[in-house]
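J.: Make a model of this:
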Amino acid sequence: MEDRLVTRSFICILAANFLLYFGFWLLVPVLPFYLKETFSCGEAAVGTILSCYTVSALCTRPFMGYLYDGFARKPIYIMAYLLFTAIFAGYVLTSFLTVFILLRAVHGVAFGTVTVGGNTLVIDITPSNRRGEALGYYGLTNNVAMSIGPMTGLFLHDSHLSYEHIFSIGLLTCVLGFLAAVSVKTPKKIPVKRPPVSLDRFILLKGIPAGIALLLLSIPYGATTNYVAVYAREIGLQVPTGFFFTLMAVGMGISRIFAGKFVDRGYITQTISYGFYVVIAAFFLLSCCSTVIAYSEAWCSFIFYLVPFMLGIGFGVMFPAYNTLYVNLAPNNQRGTATSTYLTSWDIGIGLGISTGGYIAQQYAFDAVYLFGSILCVASMLFFNLYVSPHYHRNKVR
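T.: Numbers count the residues shown, from 1 in each chain. So this is what the prediction gives:
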């Protein structure tokens, strides 16, 4: 029974995470169109506005790691989830760009807080010898949400449903997720005394090298998830772009099923290294779509749908391994800090991908964004294999 993974609380936190991310992914491909059609924003302005969500999330994460390590975790998690849900109501009511930007920034704060809490709580309520598997299933809920959310959002947008109705659907989804989050039972945590100022309580210092590699990896990911629908329209590819996210989620779902078990056997850095090769090839192929379509739209469509499956396989292999890598570098009383550092590195790259992706696309084209992204992934792989992996094996605590 001590090794039992599937419990009522585990199911509830999976449901809460799925519904949270469904609300998040529902808006991701829709918001660029919303800003263009409602406020007449250009590409660079769209990138800047959308990146404020990620910037506010990453500014929040280090402080949340400190709080989750020092105080009872569930109340903080629940309050953040409630705030995240309430912001959707603000989207429904606002009609001013300035207010939308403010709401988006606050939404990022709530997202940064609730995701650190969710990742930390799932570690708390699962057996340590099945942690990689638990994180794999937990992350799988993100992927299922990613397969349904963007496709649903784009379908609703293409069906000419108003943005207010789309925001309302996101609100309803997160209300249900909040109810699931409240049902999670967590072990009692005794607050730990903290020094008033201590850098390692906000950032896992031993995790910085891994964070640099992860940051470089997440830049093209951010540009892809936010702009791939716009990219397809730019090159004249007439395909349902919502399926791009579905295939990415399918790839992640397949790879996560076995990746977590490899991680639990100790193959952490090896698992991450294998994922790099697939991701690099995928981003390069995505950049080639603008050239291939001039010769054959059928082949372009095939490549366009092959890419997300490859990205799903690559990232699905790496995510649980990367998360476990951070946890293994930290003592038990710094789990929140480890998780926040992991997610902060990812968010910095996502924010850079959104903001620079819009700028590069305006100056050149979106194919240049994804070609640059593949180059960044090569740099990330070299840095990880040559420095991060040896550093991890020297400094891991378990």
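
J.: in the protein, what residue sits furthest out from the centroid?
T.: With distances taken from the mean C-alpha point of the chain and given as CA atoms, centre = their mean, the most distant residue is Tyr295, at 34.5 Å.

J.: Just the pLDDT at Ile190, thanks.
T.: In the predicted model, Ile190 carries a pLDDT score of 60.

J.: Now do the buried residues in the longest helix seen in the chain.
T.: Across the chain, the longest stretch assigned as helix under DSSP state H is helix 297-328. Along helix 297-328, these residues count as buried under the neighbour rule (16 or more other CB atoms under 10 Å): 297, 300-301, 303-304, 306-328. (Glycine included, C-beta is placed from N, CA and C.)

J.: Following it in sequence, what is the next regular element?
T.: Sequence-wise, the next helix or strand beyond helix 297-328 is helix 335-363, with elements assigned using DSSP states H and E.

J.: shaky segments in the stretch 251-398 of the chain?
T.: Under the criterion pLDDT under 70, the flagged ranges of the stretch 251-398 of the chain are 398.

J.: Which parts of this protein are helices?
T.: 8-27, 31-39, 43-70, 73-93, 97-124, 131-158, 163-182, 208-235, 242-264, 268-292, 297-328, 335-363, 366-383, 389-395.

J.: hey, which of those helices is tucked in deepest?
T.: helix 335-363 (a mean of 25; mean count of other CB atoms under 10 Å).

J.: How far does that one sit from its chain's centre?
T.: Centroid displacement of helix 335-363 relative to its chain, using CA atoms, centre = their mean, to the nearest Å, is 9 Å.

J.: and that helix, what does it pack onto?
T.: Here helix 335-363 touches helix 43-70, helix 97-124, helix 208-235, helix 297-328, helix 366-383, going by 3 or more CB pairs under 8 Å, 6 or more residues apart in numbering; DSSP states H and E.

J.: Which strands or helices does the last one pack on?
T.: It stands for helix 366-383. helix 208-235, helix 268-292, helix 335-363.

J.: quick check: angle from that helix to helix 208-235?
T.: Relative orientation of helix 366-383 with respect to helix 208-235: 160 degrees, computed using axes from the mean of the first three to the mean of the last three CA atoms, to 10 degrees.

J.: Check the offset of helix 366-383 from the chain's centre.
T.: Between the mean C-alpha location of helix 366-383 and the chain-wide mean there is a distance of 18 Å, by CA atoms, centre = their mean.

J.: follow-up on the earlier one: would TSV of the helices of the chain with distance to Lys188 be doable?
T.: Rendered in TSV, the data for the helices of the chain read as follows (distance: least, CB to CB, whole Å):
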stretch	distance to Lys188
helix 8-27	13
helix 31-39	40
helix 43-70	15
helix 73-93	10
helix 97-124	10
helix 131-158	20
helix 163-182	17
helix 208-235	31
helix 242-264	26
helix 268-292	30
helix 297-328	21
helix 335-363	15
helix 366-383	40
helix 389-395	30
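
J.: quick one: Thr94 and Val114, what's the gap?
T.: Thr94 sits 22 Å away from Val114 when distances are taken as CB to CB, to the nearest Å.

J.: Next one: the residue lying closest to Ser273 once chain neighbours are set aside from Asn395, what distance?
T.: Using CB to CB, 6 or more residues apart in numbering and skipping the chain neighbours, the partner closest in space to Ser273 is Asn385 (6.0 Å). Separation of Asn385 from Asn395 (CB to CB): 17 Å.

J.: swap in Arg131?
T.: Distance of Arg131 to Asn395, given as CB to CB: 18 Å.

J.: Now do the contacts for the nearest residue to Pro32 once chain neighbours are set aside.
T.: Leaving out its chain neighbours, the residue that sits closest to Pro32 by CB to CB, 6+ apart is Val46, at 5.2 Å. With CB atoms under 8 Å, 6 or more residues apart in numbering as the criterion, the residues that contact Val46 are 32, 35-36, 358.

J.: do the same with Gly357
T.: Per CB under 8 Å, 6+ apart, neighbours of Gly357: 47, 222-223, 226-227, 366, 369.

J.: make it 6 Å
T.: Applying CB atoms under 6 Å, 6 or more residues apart in numbering, one finds that Gly357 lies in contact with 223, 227, 369.

J.: mind putting these in TSV, distance to Leu5 included?
T.: As requested, the contacts of Gly357 are exported to TSV (distance: CB to CB, whole Å):
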residue	distance to Leu5
Ala223	35
Tyr227	37
Val369	40
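
J.: quick revisit: can you list the helices and strands packed on helix 366-383 in JSON lines and add distance to Thr186?
T.: As requested, these are arranged in JSON lines below (distance: least, CB to CB, whole Å):
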{"stretch": "helix 208-235", "distance to Thr186": "27"}
{"stretch": "helix 268-292", "distance to Thr186": "26"}
{"stretch": "helix 335-363", "distance to Thr186": "12"}
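
J.: Of all the ones you listed, which one is nearest Cys59?
T.: Nearest to Cys59 among the helices and strands packed on helix 366-383 is helix 335-363; the distance by CB to CB comes to 8.7 Å.

J.: Now do the closest one against helix 366-383, angle only.
T.: Using the same axes, to 10 degrees: helix 335-363 against helix 366-383 is 140 degrees.

J.: Thank you, goodbye.
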